[in-house]
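A.B. asks: sequence-free structure coming up:
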């Protein structure tokens with residue numbers, strides 16, 4: 001994933017469930033449809049929560065990159 005494709009970045013490091021998903025939902029609404037939000041999370045629970053939320057909300061998980069203790073999500077706003 002290259003940085004020029006990313007419309008915004010949100011660092012949810014240290015946040016515990018349900019805060020990463022609640023704040024990500026708000027951040028996604030702040031970008032344009034079709035754009036990508038990069039989210040950095042440390043809560044392993046996002047591995048279940050983000051895909052479930054994306055399916056419910058109609059947004060797309062483009063990629064998940066795991067780097068040591070960080071989960072880096074790339075989410076495309078569809079709706």
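C.D. replies: Structure received. None of the values given here were measured: they were computed from a predicted structure.
A.B. asks: where do the helices of the chain begin and end?
C.D. replies: Assigned by DSSP state H, the chain shows helices spanning 19-29, 46-57.
A.B. asks: which one of those helices is the most hemmed in?
C.D. replies: helix 19-29 (a mean of 17; mean count of other Cβ atoms under 10 Å). The C-beta positions use only the backbone N, C-alpha and C, and glycine is treated the same way.
A.B. asks: need the residues that contact stretch 43-51.
C.D. replies: 12, 15-18, 20-21, 24, 39, 61, 64, 71, 73, 75 (Cβ atoms under 8 Å, 6 or more residues apart in numbering).
A.B. asks: returning to that earlier point: with distance to residue 79 added, can I get the helices of the chain in JSON lines?
C.D. replies: Below are the helices of the chain laid out as JSON lines (distance: least, Cβ to Cβ, whole Å):
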{"stretch": "helix 19-29", "distance to residue 79": "9"}
{"stretch": "helix 46-57", "distance to residue 79": "7"}
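A.B. asks: how about the ones you listed in JSON lines, adding mean pLDDT?
C.D. replies: Output for the helices of the chain, formatted as JSON lines (pLDDT from 0 to 100):
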{"stretch": "helix 19-29", "mean pLDDT": "96"}
{"stretch": "helix 46-57", "mean pLDDT": "96"}
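A.B. asks: read off the pLDDT value for the residue nearest to residue 60 when sequence neighbours are not counted.
C.D. replies: Among residues not flanking residue 60 along the chain, residue 76 sits closest, at 4.3 Å (Cβ to Cβ, 6 or more residues apart in numbering). Per-residue confidence (pLDDT) for residue 76: 97.
A.B. asks: next: residue 79.
C.D. replies: 87.
A.B. asks: residues contacting it?
C.D. replies: So residue 79 contacts 33, 57-59 (Cβ under 8 Å, 6+ apart).
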